[in-house]
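K.L.:
fold the following, please.
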Amino acid sequence: MVSSDQRRRQLAREKYARQQQRRAEARHKAKRRNVIIAGVLAVIVAAGGAAYASAGLADGGHDDAAAAAPTKPADPCARPEKGAASKKSWKKEPEMSVDTSATYTAKLRTTCGEIDLQLDAAKAPHTVNSFAFLAKQGYFDHSRCHRLVDSGIYVLQCGDPTGTGRGTPGYTIPDENLKDARLKGDVYPAGTVAMANRYDGKNDKTRNTGGSQFFLVYQDSKLPPNYTPFGRITGGTDVLKKITDAGSSPDPESGNTAPNATVVINRATVTTS
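P.N.:
All right, here's what the predicted structure looks like:
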């Protein structure tokens, strides 16, 4: 026969088990919510901190040992070269000087290796013109690729010298090439290079808000055709794999899911032929 004291201890154990289960479920829901939010925001240049604050990338658990952050994998990339990120800003889009009949290629020399791009000046002249201008100005040099999304959509986002996801060159460029035949079924195929922007999906006044931030699609990603595709990755898929294999971690301050790898563009160049 079970004594009243044994019964109390049994009830206490059951209550503790239920509490632990609820905490685990809360953490799981919070983590899933964070991934979804990060996926939605991944290719949007935030208009300001409030956008991220309202999204709420907070941890759901409050118990100490169980809520400890997981150990990050070893950083697979080298230290950044000496130099400061750009603080330059311009009041208007640079004058159009792009040759739509020429071949434009870009090289991103990063701490993780070189990534080569071919840019499509014929289909996205404003975007390529701006990208080439910013590269020539050293705007991308010493800038960190601040966002990696590895669930739902699969992109590495770069081009913001502030590293916050809110930086702009001071001007905006028009959306282009949104009806590209490669964007079938609202999918940006692996290898696509596209511009981020502040389009909110509802108000047309938020269109044509691209700036300097761009993203590299390393795996087919389901996205509506709202982001200018202006090139493709022609080299460095092994570099991207090294970056993505290291994973990402939520950054509560900026709202980004930042790469665990230290991904810094030491130098970006654009050449014409």
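K.L.:
need the helix or strand of the protein with the lowest average pLDDT.
P.N.:
helix 49-55 (a mean of 30; mean pLDDT, DSSP states H and E).
K.L.:
which residues touch the first helix or strand past that one going along the chain?
P.N.:
Next along the chain after helix 49-55, taking DSSP states H and E as the criterion, comes strand 104-110. Contacts with strand 104-110, where a contact means C-beta atoms under 8 Å, 6 or more residues apart in numbering, come from 77, 98, 114-119, 121, 128, 131-132, 135, 140, 145, 158, 231, 234, 236, 239, 263-273. All C-beta spots, glycine's among them, are computed from the backbone N, C-alpha and C.
K.L.:
7 Å - rerun?
P.N.:
114-119, 121, 128, 132, 135, 239, 263-272 (C-beta atoms under 7 Å, 6 or more residues apart in numbering).
K.L.:
before we move on, what about stretch 237-254?
P.N.:
34, 52, 57-58, 72-73, 76, 110, 112-115, 148, 150, 156, 164-165, 216, 218, 257-261, 263.
K.L.:
any regions of the stretch 1-150 of the chain where pLDDT drops low?
P.N.:
The stretch 1-150 of the chain contains residues with pLDDT under 70 at 1-9, 12, 16-17, 19-20, 23-72.
K.L.:
repeat that with 80
P.N.:
Scanning the stretch 1-150 of the chain for pLDDT under 80 picks out 1-73.
K.L.:
now, of the contacts of stretch 237-254, which are buried?
P.N.:
Buried by 16 or more other C-beta atoms under 10 Å: 34, 52, 57, 76, 110, 112-113, 115, 148, 150, 156, 164-165, 216, 218, 257-261, 263, out of the contacts of stretch 237-254.
K.L.:
let me see the mean pLDDT of the strand or helix carrying residue 239.
P.N.:
Using DSSP H and E, residue 239 sits in helix 237-245. If you average the pLDDT over helix 237-245, you get 97.
K.L.:
chain center to that helix: distance?
P.N.:
In this view, helix 237-245 has its centroid 14 Å away from the chain centroid, taken as C-alpha atoms, centre = their mean, to the nearest Å.
K.L.:
compute the inter-axis angle for that helix and strand 104-110.
P.N.:
50 degrees (axes from the mean of the first three to the mean of the last three C-alpha atoms, to 10 degrees).
K.L.:
what residues sit buried inside helix 237-245?
P.N.:
239-240, 242-244.
K.L.:
got those as a markdown table, with distance to residue 183 columns?
P.N.:
Shown next, in a markdown table, are the buried residues of helix 237-245 (distance: C-beta to C-beta, whole Å):
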| residue | distance to residue 183 |
| --- | --- |
| 239 | 24 |
| 240 | 20 |
| 242 | 27 |
| 243 | 24 |
| 244 | 22 |
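K.L.:
between those, which sits nearest residue 11?
P.N.:
residue 244 (47.8 Å; C-beta to C-beta).
K.L.:
thinking again about what came up before, quick one: average pLDDT of the helix or strand following the helix holding residue 239?
P.N.:
Using DSSP H and E, the helix or strand that follows helix 237-245 towards the C-terminus is strand 248-250. Predicted confidence along strand 248-250 averages 92 (mean pLDDT).
K.L.:
report the strands that pair with strand 248-250, each with its relative direction.
P.N.:
strand 257-259 (antiparallel) (DSSP bridges).
K.L.:
quick check, distance from the partner strand to the centre of its chain.
P.N.:
Centre to centre, stretch against its chain (C-alpha atoms, centre = their mean), the figure for strand 257-259 is 7 Å.
K.L.:
next: stretch 83-95.
P.N.:
The answer for stretch 83-95 is 21 Å, by C-alpha atoms, centre = their mean.
K.L.:
what residues sit buried inside it?
P.N.:
By neighbour count on 16+ other C-beta under 10 Å, the buried set for stretch 83-95 is 85-86, 93-94.
K.L.:
cool, and stretch 201-211?
P.N.:
207-211.
K.L.:
if we take these, which one ends up nearest to residue 170?
P.N.:
For the buried residues of stretch 201-211, the nearest to residue 170 is residue 211 (8.1 Å; C-beta to C-beta).
K.L.:
now do the contacts for residue 233.
P.N.:
115, 117, 191, 193, 216.
K.L.:
for residue 179, which non-adjacent residue is closest in space?
P.N.:
Nearest residue to residue 179 in three dimensions, chain neighbours excluded: residue 225, at 7.1 Å (C-beta to C-beta, 6 or more residues apart in numbering).
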